[in-house]
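**Q** Have a look; sequence and predicted model below, questions after that.
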Amino acid sequence: MSASTPRPRLVLVHGTRMDRAEWQAYPELLPEVEVVAVDLPGHGERVEEEFTADGAVAAIREAVDARAPGQRVVLAGHSLGGYLAVLYAVRHPGTLGALVLIGASAEPTGPFAAVYRGFADLLPRVGVERMARASNAVMRRLGADEAVLTGPEAYAALPAAWQVVFDECRAELLGDVDCPVYLVNGQLDQMRVHVARFAAAAEESHIVTVPRATHLLPVTHGEQVAEVLREALHTADARSPHHRPPQVRP
């Protein structure tokens, strides 16, 4: 990389009930990259904002559009963030060098959708404080750092966020993504169940499965995830002369 070439930009989108603190380790893991972690509406510093698909895509677009001239961008999302990253890539072709989906390769239909709908329906009966305590206890046992855990306020956006996934996100959308797609999952993550379907839908796909990892892969196996992100950045670098000029779909 020449002195005049900016470091590539890596835009990271958090998962359900989390915020940009999920990615706190990645600037140190990837010092050669400009790491930009975003908060989705209803999460983190934007917790007071209503969650909508348009608002979520706009938050991602803001981070992508802030790149310097000639700066390559790779977009990565975990869980909810992965599904929303696909929506961004479809709506804004020509802006990404690669797309990385972590724990987001299950079709949001059938039994998978029923589990998340049931979880959302359970919230009013159990209460968000009890649910947050229980969820955080599970995350601690799975190896999550205390700094990435969130409080009960993180649950308010959950029903609306996953309704967007149920309504708009399908594997077939990857057929409209114009950059390489990395499908990254923990071996023990149920959300990799349809990874072959997602891979077949994309024009260029790469499947990575991390042994013995769960759905919390980005916070428990940072070095392995960083290595995949580095590979995606190299792929984007190799493709950059062939990118079409950015376009925006109405």
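**A** Thanks, I have it. Numbering: from 1, shown residues only.

**Q** how about low-confidence regions in the protein?
**A** 1-4, 112-120, 122-124, 126-127, 131, 240-250 (pLDDT under 70).

**Q** Run through the helices of it in chain order.
**A** Counting by DSSP state H, the chain has helices at residues 26-29, 53-65, 80-91, 110-126, 128-141, 158-168, 195-201, 217-220, 222-239.

**Q** relative orientation of the second one and helix 158-168 in degrees?
**A** Note on geometry: by axes from the mean of the first three to the mean of the last three Cα atoms, to 10 degrees, helix 53-65 and helix 158-168 are set 90 degrees apart in direction.

**Q** Show me what helix 53-65 is packed against.
**A** Helices and strands touching helix 53-65, by 3 or more Cβ pairs under 8 Å, 6 or more residues apart in numbering; DSSP states H and E, are strand 9-13, strand 34-38, strand 73-78, helix 80-91, helix 158-168. For the C-beta atoms, the positions are set from N, CA and C on the backbone; glycine is no exception.

**Q** Pipe these into TSV and attach distance to residue 53 and mean neighbour count per row.
**A** Shown next, in TSV, are those (distance: least, Cβ to Cβ, whole Å; neighbours: other Cβ atoms under 10 Å):
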stretch	distance to residue 53	mean neighbour count
strand 9-13	13	27
strand 34-38	15	21
strand 73-78	14	28
helix 80-91	6	25
helix 158-168	5	18
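
**Q** so which of the helices of the chain comes closest to residue 11?
**A** Nearest of those to residue 11, taken as Cβ to Cβ: helix 53-65 at 4.6 Å.

**Q** you'd agree residue 39 is up against residue 62?
**A** No: Residue 39 is beyond contact range of residue 62, at 10.8 Å (criterion: Cβ atoms under 8 Å).

**Q** sorry, back to before: include distance to residue 182 when you put the helices of the chain into JSON lines, please.
**A** Rendered in JSON lines, the data for the helices of the chain read as follows (distance: least, Cβ to Cβ, whole Å):
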{"stretch": "helix 26-29", "distance to residue 182": "15"}
{"stretch": "helix 53-65", "distance to residue 182": "17"}
{"stretch": "helix 80-91", "distance to residue 182": "10"}
{"stretch": "helix 110-126", "distance to residue 182": "21"}
{"stretch": "helix 128-141", "distance to residue 182": "24"}
{"stretch": "helix 158-168", "distance to residue 182": "19"}
{"stretch": "helix 195-201", "distance to residue 182": "10"}
{"stretch": "helix 217-220", "distance to residue 182": "13"}
{"stretch": "helix 222-239", "distance to residue 182": "5"}
